[in-house]
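Visitor: starting from these lines, generate the structure:
(one chain, ligands or ions: 1)
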Amino acid sequence: MMRTVVAGILEREGRVLVGQRARPAWAAGQWEFPGGKVEGGETLAEALAREWREELGAEVEVWGEVYRRELDTPAGAFTLVALRVHLLAGEPRPLEHRALAWVAPADLTRLPLLASNVPIAAALTAPA
Ligand SMILES: Nc1nc2c([nH]c(=O)n2[C@H]2C[C@H](O)[C@@H](COP(=O)(O)OP(=O)(O)OP(=O)(O)O)O2)c(=O)[nH]1
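Guide: Below is the predicted model:
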């Protein structure tokens, strides 16, 4: 069964939160929307809430899906789903990332994003 990875899009004052990965080697230094792999039995929303608690010390709820596609990476094939989130409690901190940044969607591609995230950045800047 293909695994699913959820990635959270948190927007504040026209900027979105991104994290710089510390691992694995192929992805270290690249920027992502914080999230991770869905575990057995979890909904997408539950998985994303768990990842944000573990990696950022923040409580979020999911508002809706932004983007979905199938991916091939050095870590295997999976479905990547980007979900818009709303912050309930806690200020995100880089508990597992090298750094966090708040970036305007139009400026995201100035960072070395994970290649799979470039279309998500494009979706965020597309006119509604
Ligand atoms: N978190 C996250 N992962 C992404 C994004 N885009 C993208 O291609 N990926 C890839 C990188 C990884 O191969 C995979 C997610 O793995 P992960 O390492 O974040 O997941 P995890 O926290 O559950 O980690 P682990 O338990 O497997 O070590 O998805 C993104 O925006 N956010």
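
Visitor: ok, the residue of the chain found nearest the ligand to A49 distance?
Guide: Distances between the chain and the ligand by CB to the nearest ligand atom are smallest at G36, namely 2.8 Å. Any C-beta I mention is one placed from the backbone N, CA and C, and that applies to glycine too. Distance, G36 to A49, using CB to CB, to the nearest Å: 11 Å.

Visitor: neighbour count winner among those two?
Guide: A49 (21 against 18; other CB atoms under 10 Å).

Visitor: what is the helix or strand where that one lies packed up against?
Guide: In the assignment (DSSP states H and E), A49 maps to helix 44-56. On a contact count with 3 or more CB pairs under 8 Å, 6 or more residues apart in numbering; DSSP states H and E, helix 44-56 meets strand 3-12, strand 35-37, strand 59-73, strand 76-89.

Visitor: quick one, it and strand 76-89 angle?
Guide: Inter-element angle recorded for helix 44-56 and strand 76-89: 80 degrees (by axes from the mean of the first three to the mean of the last three CA atoms, to 10 degrees).

Visitor: show me what counts as buried in helix 44-56.
Guide: For helix 44-56, the neighbour count (16 or more other CB atoms under 10 Å) marks 44, 47-52, 55-56 as buried.

Visitor: distance of A115 relative to R23?
Guide: Relative to R23, and taking CB to CB, A115 is found at 17 Å.

Visitor: ok, and the closest non-adjacent residue to Y67?
Guide: Residue nearest to Y67 in three dimensions, not counting chain neighbours: A82, with 4.1 Å by CB to CB, 6 or more residues apart in numbering.

Visitor: how far away is that neighbour from A25?
Guide: Counting by CB to CB, the gap from A82 to A25 is 24 Å.

Visitor: between those two, which one's more packed in?
Guide: A82 (24 against 7).

Visitor: can you list contacts of stretch 11-31?
Guide: 8-10, 32-34, 55-56, 73-75, 84, 87, 92, 94, 96-105, 108, 111-114, 117, 124 (CB atoms under 8 Å, 6 or more residues apart in numbering).
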